[in-house]
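K.L.:
sequence plus the predicted model coming up.
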Amino acid sequence: LLIAIAVVSITNSFSFTIPMSTKMVKSNAMRHQHSTPALSALLDPLLIADAGTSSPEPIQLAFKAATFFPQPFWTLLVLLPNSGLTKKVMGGIEIVTICCLIHFFIVSASIVIPEGGTAPLDVFNGVFDIAGNPQESFMTLVKYPNFVSEEWSHVLTWDLFLGRWIWLDGLRRGIFTPHSVLLCNLIGPPGLLLHLATCLVTGKGLPGNEAEEEEL
């Protein structure tokens with residue numbers, strides 16, 4: 001169902017994105033002043049302000065999907081880690097893949113317009129400028145709603161990926177994981193640290209080198 005919604009959203013709003021600057025918005029408006037009425041009607045929704053405004057509706061819907069779609073599966077991992085239902089639903093990679101598709105839709109919908117994107121590239125580059133102020137650059141990035149939508153779905157997807165791995169490791173080695181999975185859902189990486197601490201305290205040891213285990 002979510003994939004179908006994403007396809008319909010892409011079809012109905014294939015060009016929705018957030019222009020990277022007010023100058024580009026004005027440029028778009030001037031460029032389409034002499035367009036046909038039908039073309040103008042199609043492009044007008046794209047002429048939104050760059051920062052501090054909401055994303056187009058399809059991206060807003062995808063943001064909600066990224067937020068609420070994973071929660072029932074987190075519930076299974078935390079409350080029913082050993083049930084057959086949880087193993088059937090979360091044993092495969094399908095649920096995480098759907099989350100990845102939601103994120104991919106947000107990114108695609110944001111960049112499909114030539115002038116568009118999740119945020120200005122020069123600001124993004126500033127995050128990786130060791131001689132500059134990366135934190136300040138990132139604070140600027142979060143003023144762009146498309147970037148917030150991309151980053152939020154990015155974080156939630158990897159949290160679920162990690163939480164699922166913790167759960168699988170618990171199943172393989174008989175380790176209690178609900179507390180670690182719950183913490184992973186709440187704040188991400190500390191959930192892994194709690195799982196590793198649980199492994200040590202229970203005498204199970206840290207997870208081994210899976211690459212070498214596959215060779216044996």
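P.N.:
Right, received. Where do you want to start? Numbering: from 1, shown residues only.
K.L.:
all helices for this protein, in order.
P.N.:
2-12, 22-31, 37-43, 57-68, 71-79, 84-90, 94-111, 121-126, 134-141, 145-173, 178-187, 189-201, 210-215 (DSSP state H).
K.L.:
in TSV: those helices, plus mean neighbour count and mean pLDDT.
P.N.:
(Each C-beta comes from the backbone N, C-alpha and C, glycine too.) What follows is the helices of the chain, written out as TSV (neighbours: other Cβ atoms under 10 Å; pLDDT from 0 to 100):
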stretch	mean neighbour count	mean pLDDT
helix 2-12	14	39
helix 22-31	14	38
helix 37-43	12	39
helix 57-68	19	95
helix 71-79	17	98
helix 84-90	14	98
helix 94-111	20	96
helix 121-126	14	91
helix 134-141	15	95
helix 145-173	20	97
helix 178-187	19	98
helix 189-201	16	98
helix 210-215	8	78
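K.L.:
Leu192: what's it in contact with?
P.N.:
162, 166, 180, 184 (Cβ atoms under 8 Å, 6 or more residues apart in numbering).
K.L.:
what's the burial count for Phe176?
P.N.:
Residues near Phe176, counting by other Cβ atoms under 10 Å, number 12.
K.L.:
and Ser80, what pLDDT?
P.N.:
If you look again at residue 80, you'll see it is Leu, not Ser. pLDDT recorded at Leu80 is 98.
K.L.:
so it sits against Thr86, correct?
P.N.:
Yes. Distance between Leu80 and Thr86: 5.0 Å, which falls inside the contact criterion (Cβ atoms under 8 Å).
K.L.:
backbone torsions only: list them for Gly174.
P.N.:
Per-residue torsions, Gly174: phi 70, psi 50 (degrees, to the nearest 10).
K.L.:
I meant Pro56, not that one.
P.N.:
Dihedral angles (degrees, to the nearest 10) for Pro56: phi -60, psi 160.
K.L.:
now do it against Phe68, distance only.
P.N.:
Distance, Pro56 to Phe68, by Cβ to Cβ, to the nearest Å: 19 Å.
K.L.:
what's the answer for Gly132, then?
P.N.:
Counting by Cβ to Cβ, the gap from Gly132 to Phe68 is 36 Å.
K.L.:
cool, and Glu214?
P.N.:
36 Å.
K.L.:
need the contacts of Leu192 in a markdown table with distance to Asn209, can you?
P.N.:
Compiled in a markdown table, those are given as follows (distance: Cβ to Cβ, whole Å):
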| residue | distance to Asn209 |
| --- | --- |
| Leu162 | 18 |
| Ile166 | 17 |
| Ser180 | 21 |
| Cys184 | 22 |
